[in-house]
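# Dropping the sequence and predicted coords here.
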Amino acid sequence: MMQSNFNGSVTPEDLDGSDSLAGYRSRFHFPEPAGDEPIYFTGNSLGLMPKKAREYVDQEFEDWARLGVAAHMAARHPWLPYHEFLTEQMTRIIGAKPIETVVMNSLTVNLHLMMVSFYRPTSERYKVVIEKGAFPSDQYAVESQIKCHGREPRETLIELSPREGEFTLRTGDIVETIEREGKHVAMVLLGGVNYYTGQAFDMKTIADAVHRVGATVGFDLAHAVGNLELQMHDWDADFAVWCSYKYLNGGPGAVGGAFVHERHAESFDLCRLAGWWGHDKESRFQMGPEFKPIPGAEGWQVSNPPILQMAALRASLEIFDEVGMSALREKSERLTGYLESLVNGIGDDRLSILTPSDPAQRGCQLSIKIRDNDKSVHDRLVARGVSADWREPGVIRVAPAPLYNSFADVFRFAEIIKKCLQN
Ligand SMILES: Cc1ncc(COP(=O)(O)O)c(C=O)c1O
């Protein structure tokens, strides 16, 4: 595990000089400066645009113009199997096999599709364990599924809260809750990284505990994908879902993805919402009335995919493949460790970091709590050109993305926030 040891004599220029990934910064478009010292630390919300994205999307426009419907077969990247061009690269990002991985839809839609299959309450086993303060879309999705099964969310949801005076969850407490509720738990759904605190969960330990009590487990990887080194197959989740507009830089509303563990690949009797794109590829165009699912995650597809969005994502996934998650993560731990040491070094008790200091329990984001929820600190940061977001209550989320942020960005951020605290 990389420790964040930065002594006072190390300069950001030294750190950038020895950063083997520094050159990737020039592969992205940075937004127009909003102040005199622009810094982009919101890759956890919308990743920057890879310069190649326009070329890849333009290629599809050209093929559409040139070929019309024939582009499904004759485009340079034929549209019919287009989602397959993304599968291999995505497997390396999430640590899964091709049969477990599909790029499709958006996150909440995929979450619903997965819950239809993996949340199957019975009269005894019906409870759902989630984080208290889960991302609202997850909360709404889970509650609506519970209601569709004719149940009352208040009696069905178990919401995990940190201990009194703490901000993040302890793995032991999560496991203890799962074991205590045991035979009543139908499904556990957690974020891979909590959007508010930046805490990364021990997905393997949690998945093992869930399986010991006979329930299913899924993860929302919105803030984990392209951020942590994931091993979804080995960690044994039943399913996972993600979006691609954050760290994966797929563009606004980018097409998301889903992981379904190999052991469910041929579980054709699982309840699922079917559509023609999940139907056996060989016989899809015979237009028969009987649905025959593709084995594996692809069998959960419903509609034919959005090619223009996928083209933009392809440009970004190529960069991830070139860099590899392990090199990315190594830089990320150093970059975030540097940020942490500088913020703590300011020594102002109006700032406190909620995110765990153990690198194994976080990704690149640090959530800085502002005393008395004083949003004016964030307003001043924005006025000086820093893109970092404010999340209620009282947190500035700062996410240096290792693909395009530098140690100099982190250093300047620390200098700017110091100035913002002065006036
Ligand atoms: C943790 C988490 N879950 C779910 C969502 C919703 O994603 P979508 O709009 O792609 O369904 C988001 C969006 O930012 C998120 O951060």
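Thanks, I have it.
# Quick one: name the residues of the stretch 1-150 of the chain near the ligand.
Within reach of the ligand by Cβ under 6 Å from any ligand atom, the stretch 1-150 of the chain has these residues: Ser106, Leu107, Thr108, Phe135, Ser137, Asp138. All C-beta spots, glycine's among them, are computed from the backbone N, C-alpha and C.
# Out of those residues, which end up buried?
Listed as buried from those are Ser106, Leu107, Thr108, Phe135, Asp138; burial here means 16 or more other Cβ atoms under 10 Å.
# Name the next helix or strand following the helix ranked longest in the chain along the chain.
Secondary structure of the chain read by DSSP state H shows that its longest helix is helix 325-346. On the C-terminal side of helix 325-346, the closest following helix or strand by DSSP states H and E is strand 351-353.
# Can you list the buried residues in that next one?
With burial defined by 16+ other Cβ under 10 Å, the residues of strand 351-353 counted as buried are Leu351, Ile353.
# That one - which strands sit beside it in the sheet, and in what orientation?
Each strand that pairs with strand 351-353, with its direction, by DSSP bridges: strand 366-370 (antiparallel).
# So which residues of the stretch 51-200 of the chain form strands?
Here the stretch 51-200 of the chain has its strands, by DSSP state E, counting those that start in this stretch, at 101-103, 127-131, 157-160, 185-191.
# For the ones you listed, could you give me TSV that also reports distance to Glu166 and mean neighbour count?
Converted to TSV, these look like this (distance: least, Cβ to Cβ, whole Å; neighbours: other Cβ atoms under 10 Å):
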stretch	distance to Glu166	mean neighbour count
strand 101-103	35	28
strand 127-131	13	23
strand 157-160	12	16
strand 185-191	17	25
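# Just tell me which of the ones you listed ends up closest to Asp389.
Taking Cβ to Cβ, strand 185-191 is the member of the strands of the stretch 51-200 of the chain nearest to Asp389, at 16.6 Å.
# got the angle between that closest one and strand 127-131?
Using axes from the mean of the first three to the mean of the last three Cα atoms, to 10 degrees, the direction of strand 185-191 lies 20 degrees away from that of strand 127-131.
# on that earlier part again, can you mark which positions in the longest helix of the chain are buried?
Using 16+ other Cβ under 10 Å as the test for burial, helix 325-346 gives 325, 328-343.
# ranges for the strands of the stretch 251-400 of the chain?
Using DSSP E, counting those that start in this stretch, strands in the stretch 251-400 of the chain cover 257-260, 351-353, 366-370, 386-387, 389-391, 395-398.
# pLDDT added to the buried ones among the residues of the stretch 1-150 of the chain next to the ligand, as CSV?
Listed next are those as CSV, based on pLDDT from 0 to 100:
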residue, pLDDT
Ser106, 98
Leu107, 98
Thr108, 98
Phe135, 95
Asp138, 98
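# In this structure Leu80 contacts Ala70, no?
No - using Cβ atoms under 8 Å, Leu80 makes no contact with Ala70, being 10.9 Å away.
# Mind checking which of those two has more residues around it?
A count of neighbours by other Cβ atoms under 10 Å puts Leu80 above the other of Leu80 and Ala70, at 15 against 12.
# how about the more buried one, what does it touch?
Counting by Cβ atoms under 8 Å, 6 or more residues apart in numbering, Leu80 touches His72, Met73.
# Look up how far Ala207 lies from it.
Between Leu80 and Ala207 the computed distance is 35 Å (Cβ to Cβ, to the nearest Å).
# Can you check the pLDDT for Arg9?
Residue 9: Ser, not Arg. On the pLDDT scale, Ser9 is placed at 78.
# what's the burial count for it?
6.
# hmm, stretch 392-405 touching the ligand?
No - contact of stretch 392-405 with the ligand (Cβ under 6 Å from any ligand atom) is absent, the minimum separation being 10.8 Å.
# Please report the distance of the residue nearest to Met203 when sequence neighbours are not counted from Phe259.
Computed as Cβ to Cβ, 6 or more residues apart in numbering, the closest residue to Met203 that is not its neighbour in sequence is Trp235, at 4.7 Å. The gap separating Trp235 from Phe259 is 10 Å, by Cβ to Cβ.
# These two: who's more crowded?
Using other Cβ under 10 Å, the more surrounded residue of Trp235 and Phe259 is Phe259, with 30 against 21.
# Pull up the gap between the more buried one and Ala134, please.
19 Å.
# Look at Gln3 and report its pLDDT.
44.
# going forward can the numbers begin at 423, since that is how I track them
Got it, the first residue is 423 from now on, which makes the last one we talked about Gln425.
# Distance of His606 relative to the ligand?
The gap separating His606 from the ligand is 25 Å, by Cβ to the nearest ligand atom, to the nearest Å.
# Contact partners for the closest residue to that residue other than its chain neighbours?
Among residues not flanking His606 along the chain, Lys549 sits closest, at 4.7 Å (Cβ to Cβ, 6+ apart). Counting by Cβ under 8 Å, 6+ apart, Lys549 makes contact with Thr578, Leu579, Ile580, Glu603, His606, Val607, Ala608.
# now, which of these sits nearest Thr544?
Nearest to Thr544 among the contacts of Lys549, with distances taken as Cβ to Cβ, is Ala608, at 7.4 Å.
# Check whether that closest one really touches Thr638, as I assumed.
Yes - counting by Cβ under 8 Å, Thr638 is a contact partner of Ala608 at 7.1 Å.
# Overlap in contacts, the two.
Common neighbours of Ala608 and Thr638 (Cβ under 8 Å, 6+ apart) are Tyr541.
# So what's the residue count around Val615?
If you count neighbours by other Cβ under 10 Å, Val615 ends up with 27.
# Same check on Pro822?
26.
# That one and the ligand: what is the separation?
Distance of Pro822 to the ligand, given as Cβ to the nearest ligand atom: 18 Å.
# Once you drop chain neighbours, what's closest to that residue?
Leu757 (4.8 Å).
# Please name the residues that touch that neighbour.
Leu757 neighbours (Cβ under 8 Å, 6+ apart): Cys786, Pro822, Pro824, Asn827, Phe829, Val832.
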